[in-house]
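Q: need a structure here:
(2 chains)
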Amino acid sequence: MPHSRMNDWVIETEGVSRRFGSIQAVDSLDLHVPKGAVAGFLGPNGAGKTTTIRMLLGLIRPQGGSIRLGGHDIHSARRNALTGVGSLVETPAHYPHLTGAENLDIACHMAGLPRRERDRVLDLVGLAGAARRRVKGYSLGMRQRLGLARALLGNPKLLILDEPTNGLDPSGIHEMRTLIREAPERFGATVLVSSHLLGEIEQTANHVALMHRGKLLFQDTIAALMDAHPGGLTIRLDRPAEALARVRASHADAAQLEDGIRLPGRFTAAERATINRDLVEAGFAVSDLTLVKPSLESIFLERTGGTGDLQ
Amino acid sequence: MIGVMRAEALKLRRSLAIIVMGVAPVMTFILTVLIQLSGESPGIWAFQMMSTSAIWAYFLLPMTATGLTALLAQMEHGPGTWSQILATPVPKWQVFTGKVVMALALMAIVTALIYVSIFASGFVAGWINPAEALEGSPPWWDAAKLLGKMYLASFLLIAVQLGVALRFNSFALPVSVGIGGTFVAVAATSSKYGIFFPWLLPVNMLASEPERAEFALMLGGVGGAALLALIVLYLSRRDWH
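A: So this is what the prediction gives:
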């Protein structure tokens, strides 16, 4: 369990499992999302992300375990648990024969919200100008924004977004990322955002939960994840095989590259200088020393043994 | 629950359901005017009411129920629509009860329009050709009672149609059930077990034996209400993928 205080969890699951026939979609999931986080929920297609999100929202019953949103059990106190939760699950769904404003009116009626709330979220997602147009004439990106507008109705304290940038053009993706990143500060919301695009999560989230084949592989801050995977030092030089044999005395897990060697770990400037001096004094022609920072993708592939099946 | 009903009402704006609601009354009106004008001698109001009600109960009521329930459900069968509605704090039973209430309300409105159509067609035909004007006094109260009973007896049929339409993400399935039920009802009329067939229950309001009509009213009304409650309960508890 990550190092936050128990009462700070906005999303808290304990041993949640769900099986569909012979497929274990989610297996003993202990997911914890702290208040104020933008948590990336990562995994390849079929990892169990959408099933988890559906269980979080009470759409599917888990076969074991418990789920609490804002401290309320999703099944015994569903109304309290879902109050203040905005969600966007997969494809945003709208009534195409109605206008964007009317679609939001429906959500406002159901939630007992005033009409000004509709206008506020339309402004927020940049759809105020298209509010009187029927949704069947909207582009995919506009529909996605309208879905997000619905999720933002009533100033939710928790936003659960499933692949929210699907169908958006580059500027729409940029706006969506900004909105998600700023959600804690602007709206006081905690965000759980699922994606199979690791780069996207890297740019928006400060926490991460990695899921693979129904199991949670890791959850904590992205900084903690990076700390656990410090990257390394790539050294370009001649005679890499000889250089590898030489450095293995002090770096047993060093590896040979085509035109150099790779030393895993973290290295200070002084350490890099020492390694460089030793190699040069031993007669190697060192042409380059580069610190390698790991990406979420490389970490994910490493943790899944290269079977992440990422797209 | 009021919010749910307001939302349901808003969804009907510009929808096909509004057109479907007008089809049966307009068809009844045209058919009845033509029948009246083609008669060789003036008819009477009581016969006019019975024949129009029979057309309604046999064919137009089941087909209208089929169309309206399928359209009401289909609005939510788009990708992710149910998930979006059911992921709100509104209790699931309220969401499905909203559908039930709306289906019953729309059928009540169509029934009221059929009532208007019965008398409007009689008066219009009489105005076009005064020689064919209906004799006797218009059976205002009898028509209201008869159509009201047909409406109550149709609850079981509405429940079956709405249940199928809500449960299955298909437009073809509830429509097939509705068409099949309507045509099987014609063949089942003479069967002694026809009284148990949901599509025949409204027709049985025209039965000459009072006990048969009462049984059909009870089965259709109470059975339909019970089945509607079970459908709401079932849909509220099932998983929504």
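
Q: B:Ala65 in helix, strand or coil?
A: Assigned by DSSP: H, G, I helix; E, B strand; the rest coil, the conformation of B:Ala65 is helix.

Q: burial check on residue 225, number of neighbours?
A: Because you didn't say which chain, this covers chain A. A:Leu225: 19 surrounding residues under other C-beta atoms under 10 Å in any protein chain shown. Where C-beta positions appear, they are placed from N, C-alpha and C, glycine not excepted.

Q: wait, I meant chain B there
A: B:Ala225: 16 neighbours (other C-beta under 10 Å).

Q: residues in contact with it?
A: Listed by C-beta atoms under 8 Å, 6 or more residues apart in numbering or on different chains, the contact set of B:Ala225 reads B:Phe155, B:Ala159.

Q: looking at this, it is in a helix?
A: Yes: counting by three-state DSSP, B:Ala225 is located in a helix.

Q: separation between it and B:Gln84?
A: Using C-beta to C-beta, to the nearest Å, B:Ala225 is found at 29 Å from B:Gln84.

Q: could you pull out the helices for chain A?
A: A:49-56, A:78-82, A:100-111, A:115-124, A:140-152, A:170-187, A:198-204, A:222-228, A:240-247, A:269-281, A:296-303 (DSSP state H).

Q: and those helices: which comes nearest B:Ala207?
A: Between B:Ala207 and the helices of chain A, the shortest separation by C-beta to C-beta is 43.2 Å, and it involves helix A:100-111.

Q: contacts for the closest one, please.
A: Contacts for helix A:100-111 (C-beta under 8 Å, 6+ apart): A:94-95, A:98, A:113-115, A:117-118, A:121-122, A:127, A:130-133, A:135, A:138, A:142, A:146, A:149-150, A:153-154, B:3-4, B:6-7, B:10-11, B:13, B:85, B:88-90.

Q: same thing with stretch B:156-172?
A: B:61-62, B:65-66, B:69-70, B:72-74, B:76-77, B:96, B:99-100, B:103-104, B:107, B:173-174, B:177-178, B:181, B:198-199, B:201-202, B:219-221, B:223-225, B:227-228, B:231, B:235.

Q: residues of that stretch that come out buried?
A: Within stretch B:156-172, the residues that qualify as buried are B:Leu156, B:Leu157, B:Ile158, B:Ala159, B:Val160, B:Gln161, B:Leu162, B:Gly163, B:Val164, B:Ala165, B:Leu166, counting by 16 or more other C-beta atoms under 10 Å in any protein chain shown.

Q: same thing with stretch A:79-86?
A: A:Ala81, A:Leu82, A:Thr83, A:Gly84, A:Val85, A:Gly86.

Q: and stretch B:5-23, how far apart are its ends?
A: In stretch B:5-23, first residue to last residue: 24 Å (C-alpha to C-alpha, to the nearest Å).

Q: that one near chain A anywhere?
A: Yes: judged by C-beta under 8 Å from any C-beta of the partner chain, stretch B:5-23 comes into contact with chain A through B:Arg6, B:Ala7, B:Leu10, B:Lys11, B:Arg13, B:Arg14, B:Ser15.

Q: nearest to B:Ser191 among the residues you listed?
A: Distances from B:Ser191 to the residues of stretch B:5-23 next to chain A, taken by C-beta to C-beta, are shortest for B:Ser15, at 37.4 Å.

Q: leaving out the residues flanking it, which one is nearest to that closest one?
A: Spatially, and ignoring its direct neighbours in sequence, B:Ser15 is nearest to A:His97 (5.8 Å; C-beta to C-beta, 6 or more residues apart in numbering or on different chains).

Q: so which of the contacts of helix A:100-111 belong to strands?
A: Of the contacts of helix A:100-111, none are assigned to strands by DSSP state E.

Q: which of these count as buried?
A: Neighbour-count burial (16+ other C-beta under 10 Å) applied to the contacts of helix A:100-111 gives A:94-95, A:98, A:113, A:117-118, A:121-122, A:127, A:130-131, A:135, A:138, A:142, A:146, A:149-150, A:153-154, B:3-4, B:6-7, B:10-11, B:85, B:88-90.

Q: what about B:Pro130, how many residues nearby?
A: Quick note: B:Pro130 (other C-beta under 10 Å) scores 9 neighbours.

Q: how about the residues of chain B by chain A?
A: Counting by C-beta under 8 Å from any C-beta, chain B sits next to chain A at B:3-4, B:6-7, B:10-11, B:13-15, B:75, B:78-81, B:83-91, B:239-241.

Q: quick one: neighbours of residue 232, just the number.
A: Answering for chain A, as no chain was given. Per other C-beta under 10 Å, the neighbour tally for A:Gly232 reads 22.

Q: that's the other chain; I wanted chain B
A: B:Val232: 22 surrounding residues under other C-beta under 10 Å.

Q: what does stretch B:210-217 rub up against?
A: Applying C-beta under 8 Å, 6+ apart, the set of residues contacting stretch B:210-217 is B:Lys149, B:Leu152, B:Ala153, B:Ile195, B:Leu200, B:Leu201, B:Pro202, B:Asn204, B:Met205, B:Leu206, B:Ala207.

Q: now do the third one, the pLDDT please.
A: Put plainly, it is B:Ala153. On the pLDDT scale, B:Ala153 is placed at 95.

Q: would you confirm that it contacts B:Leu201?
A: Yes: B:Ala153 lies in contact with B:Leu201 (C-beta atoms under 8 Å); the separation is 4.3 Å.

Q: okay, the two: which has more neighbours?
A: More crowded of B:Ala153 and B:Leu201, by other C-beta under 10 Å: B:Leu201, with 31 against 28.

Q: who touches that one in this structure?
A: By C-beta under 8 Å, 6+ apart, the contact list for B:Leu201 reads B:Ala153, B:Ser154, B:Leu156, B:Leu157, B:Ile195, B:Ala216, B:Leu217, B:Leu219, B:Gly220.

Q: hmm, 7 Å instead?
A: Shown in contact with B:Leu201 (C-beta atoms under 7 Å, 6 or more residues apart in numbering or on different chains): B:Ala153, B:Ser154, B:Leu156, B:Leu157, B:Ala216, B:Leu219, B:Gly220.

Q: do the same with A:His97
A: Counting by C-beta under 7 Å, 6+ apart, A:His97 touches A:Arg134, A:Lys136, B:Arg14, B:Ser15.

Q: 10 Å - rerun?
A: A:His97 sits next to A:Asn103, A:Arg134, A:Val135, A:Lys136, B:Lys11, B:Leu12, B:Arg13, B:Arg14, B:Ser15, B:Leu16, B:Met75 when contact means C-beta atoms under 10 Å, 6 or more residues apart in numbering or on different chains.

Q: out of these, which two sit at the greatest distance?
A: Spatial extent of those (C-beta to C-beta) is set by the pair A:Asn103 and B:Leu16 at 17.6 Å.
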